[in-house]
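**Student:** any chance you can model this:
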Amino acid sequence: MAFGKKNSRKGRPADEAADLDIREELDDFEDPSDDFDDLDDMDDDLDDIDEDEDEEYQDYVAAKKKGGKKAAVAEAAPEGGKGKRKTTILIVELVLLALVLAGLLGVQVITRMEKVDSVQVEEQVKESISEEVLQSVETGQMKGYRNIAFFGVDSTKGEIKKNTRSDSIMIASINQDTGECKLVSVYRDTYLNLGNDDYNKCNAAYAAGGPEQAIKMLNTNLDMNITDFVTVGFRGLTDAVDALGGIDIEVDSAERPHLNSYQLTMSKELGKTYQEVTDTGVLHLNGLQTTAYCRIRYTAGDDYQRAARQREVLRTIFEKAKKEDPATLTKMMQGILSEVYTSLSATELLELIGSLNDFQLAAENPDDKYGSGFPTQEYLKSGYIGAQSCVIPADLTANVVWLHEYLFEDENYAVSAKVQECSERISKTTGY
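**Tutor:** Got it, this is the predicted structure:
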C-alpha cells in the first residue's frame, strides 16, 4: 500500500489471531538447552526412519521389476502397522522439534528484550505520593488501578533520559479488574509545581530531572501514585508504526502542510525517506508521517488539538496491535528497544504484549471538545507568566477533582493538602 494515500480498505474484518499467553509459553521453555540431547536422539530416530524407508523403496523397485505394479504395492504394504507406526513417530518428533524451536525463539525474545534501557524509580518518587492518596489506593476509589506515565520526548538524537523536554505527557490508568484503560494528556505548557516546589511549565520537569522528576510533578499536582513510566523518542514512534505496516489517520487540509514540513525536517535528522502527503481524508501513514502528525500544533486548537492527535495515534496503534500476531508485535518491540526508556522489566513488557486483548480503551471525556486533556477546558485559562505563554489550571483543585472522577469514578473526591497548597500558590501567582 502507498503511504500518505487514501485507504481504500473498508470494513476489513479483524484477523482471528490465536490468543497467545506469551508468559505461559516462555515459562514452558525457560531453558531449552536441556532439550539438546533430545534433539540428538531425534536426529538418530529420523536417520533410522530414513534408512528403513530407503530399504522399503529398494524393495518396491525390485518387486515392480519382477511382478509389476500390484506386486510392488503388495511388497511395500506395511506389516502389522509398521508403516503407520513410523509415520506416527515422525509426526511426534516433528512436533517436539517445533516446540523446542519455539522455546529457543522465546529465549531469543527475552534476551533481546533484556536490552531495553530500564530503571527503577519507585524509591525516588514515593515521597511525592501523599498520605491521602496512599489511603485511597489501599481502601478507596483508587484501589485496583495501575497508573503509568507515558512521555514522548522531543529528541531525534536518542537523548531520552533527561536534558530534553517532554513533548507529550500522558497518564494511562488501568482498571485491573475490568481491563478498561483511560488515557489523559497533561498539556505540556501547564503551569505546575515541578515536584520540588519550583513552578514552571510542567514539561520542564523532565528536562531538569528525567522521568523521576516528571513523575514527582504528576504525583504532587494530580494526587496520583505513579511509580512506572515509559519514554519513547521520535525514532521509537516512527519505527513502531513502520513495524505495524503503517496506520490509518484522518488528515485535513489545515494539517497536511504542517505534516509535510515536520516530516521533511525529521527525514534528514532520522535518515528516513520523505514521502510527501498529497491527499486529505483517511490516509495510510508510515512511521515518519505519523510522528510528524503528532507534532502539529499550529492549527485551530493549538497544543490542545496536538495532544488530542497524540492520543488518537496511540489509540490507533493500540487497536491495530491487538489484531496482529505475536511475531509482528515482537518485531515491533525489538525494533524500538534502543528508543525506549522505562521502569518496566522485560518480563512485564512481554506480559503486556501477551495480554493486549485483555485491555479496552475507554471513550474520551465527552464534555470537552478536545477530549481527555488536563486541565479540562472548563477549568482552564491561558496567559503569560513572565515571558512564558502558559496553560493555567483555574483552579488546580477543581481540575484534580474532575480527574479523579474521570479516572476512578470518584464523585466525592477531596484533594490532598499538598494539591490545595499548590492550587493556592498558582492562583496567587497568576490571578486565577
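
**Student:** and the residue nearest to the spatial centre of the chain, what does it touch?
**Tutor:** The residue lying closest to the centre of the chain (C-alpha atoms, centre = their mean) is F318, at 6.9 Å. F318 makes contact with 356, 359, 361 under the criterion C-beta atoms under 8 Å, 6 or more residues apart in numbering. From N, CA and C alone the C-beta is placed, and that goes for glycine too.

**Student:** among those, which lie within helices?
**Tutor:** Among the contacts of F318, no residue falls in helices (DSSP state H).

**Student:** any idea of the mean pLDDT for whichever helix or strand the residue nearest to the centre of the chain is part of?
**Tutor:** Assessed by DSSP states H and E, F318 sits inside helix 302-323. Helix 302-323 shows a mean pLDDT of 94.

**Student:** and that helix, how far out from the chain middle?
**Tutor:** Between the centre of helix 302-323 and the centre of its chain there are 11 Å (C-alpha atoms, centre = their mean, to the nearest Å).

**Student:** pull out the buried positions in it.
**Tutor:** Going by neighbour count (16 or more other C-beta atoms under 10 Å), the buried part of helix 302-323 is 302-314, 316-318, 320-323.

**Student:** for the residue nearest to the centre of the chain, give its distance to V232.
**Tutor:** Per C-beta to C-beta, to the nearest Å, F318 is found 14 Å from V232.

**Student:** next one: V419
**Tutor:** For V419, the distance to V232 (C-beta to C-beta) stands at 28 Å.

**Student:** ok, now D279?
**Tutor:** For D279 relative to V232 (C-beta to C-beta), the value is 28 Å.

**Student:** more neighbours: those two, which one.
**Tutor:** Using other C-beta atoms under 10 Å, the more surrounded residue of D279 and V232 is V232, with 22 against 12.

**Student:** what helix or strand is R256 located in?
**Tutor:** Assigned by DSSP H and E, R256 falls in helix 255-270.

**Student:** from the chain's centre, how far out does stretch 130-146 sit?
**Tutor:** Worked out by C-alpha atoms, centre = their mean, stretch 130-146 lies 25 Å from the chain centre.

**Student:** my bad, should have said stretch 321-335
**Tutor:** Mean C-alpha position of stretch 321-335 versus that of the full chain (C-alpha atoms, centre = their mean) differs by 10 Å.

**Student:** alpha carbons of it, as PDB, please.
**Tutor:** Output of stretch 321-335 as PDB, limited to C-alpha atoms (Å, rounded to 0.1, in the frame of the first residue of the first chain):
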ATOM      1  CA  ALA A 321      -1.600  -4.100  17.600                       C
ATOM      2  CA  LYS A 322      -4.500  -6.100  19.100                       C
ATOM      3  CA  LYS A 323      -5.100  -7.600  15.700                       C
ATOM      4  CA  GLU A 324      -1.500  -8.500  15.000                       C
ATOM      5  CA  ASP A 325       0.100 -11.900  15.600                       C
ATOM      6  CA  PRO A 326       2.700 -12.300  18.400                       C
ATOM      7  CA  ALA A 327       5.600 -12.400  15.900                       C
ATOM      8  CA  THR A 328       4.700  -8.900  14.500                       C
ATOM      9  CA  LEU A 329       4.400  -7.500  18.000                       C
ATOM     10  CA  THR A 330       7.700  -9.000  19.000                       C
ATOM     11  CA  LYS A 331       9.300  -7.500  15.900                       C
ATOM     12  CA  MET A 332       7.800  -4.100  16.700                       C
ATOM     13  CA  MET A 333       9.200  -4.200  20.300                       C
ATOM     14  CA  GLN A 334      12.600  -5.400  19.100                       C
ATOM     15  CA  GLY A 335      12.700  -2.500  16.600                       C
END
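
**Student:** E324 and L244 touch, don't they?
**Tutor:** Yes: at 6.7 Å, E324 counts as touching L244 under the criterion of C-beta atoms under 8 Å.

**Student:** V186 and T280, how far apart?
**Tutor:** Distance, V186 to T280, using C-beta to C-beta: 30 Å.

**Student:** among the two, which residue is more densely surrounded?
**Tutor:** A count of neighbours by other C-beta under 10 Å puts V186 above the other of V186 and T280, at 25 against 14.

**Student:** so that one sits right up against I215, yeah?
**Tutor:** No: with contact defined as C-beta under 8 Å, V186 does not count as touching I215 (11.7 Å).

**Student:** so which bits of stretch 269-283 are buried?
**Tutor:** Neighbour-count burial for stretch 269-283 flags 270, 272, 275, 277, 283 (criterion: 16+ other C-beta under 10 Å).

**Student:** as CSV, those residues with distance to K126 and pLDDT would be great.
**Tutor:** As requested, these are exported to CSV (distance: C-beta to C-beta, whole Å; pLDDT from 0 to 100):
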residue, distance to K126, pLDDT
L270, 37, 89
K272, 40, 93
Q275, 46, 96
V277, 45, 97
L283, 44, 98
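
**Student:** can you flag which of those belong to helices?
**Tutor:** Per DSSP H, these map to helices at L270.

**Student:** quick check, nearest of the buried residues of stretch 269-283 to V340?
**Tutor:** L270 (15.9 Å; C-beta to C-beta).

**Student:** what's the burial count for G179?
**Tutor:** Each residue near G179 was counted by other C-beta under 10 Å, and the total is 12.

**Student:** wait, it sits on A362?
**Tutor:** No: taking C-beta under 8 Å as the definition, G179 is not a contact partner of A362, at 10.4 Å.

**Student:** low-confidence ranges in the stretch 51-200 of the chain?
**Tutor:** Residues of the stretch 51-200 of the chain meeting the criterion pLDDT under 70: 51-119, 155-159, 162-163.

**Student:** looking at the buried residues of stretch 269-283, which is nearest E351?
**Tutor:** L270 (30.2 Å).

**Student:** quick one: the closest one and T238 touch, right?
**Tutor:** Yes: using C-beta under 8 Å, L270 is in contact with T238, at 6.4 Å.

**Student:** mind listing what T328 touches?
**Tutor:** Residues near T328 by C-beta under 8 Å, 6+ apart: 243-244.

**Student:** look up how far Q388 lies from it.
**Tutor:** Separation of T328 from Q388 (C-beta to C-beta): 43 Å.

**Student:** ditto for A394
**Tutor:** A394 is 17 Å from Q388, by C-beta to C-beta.

**Student:** understood, closing this out.
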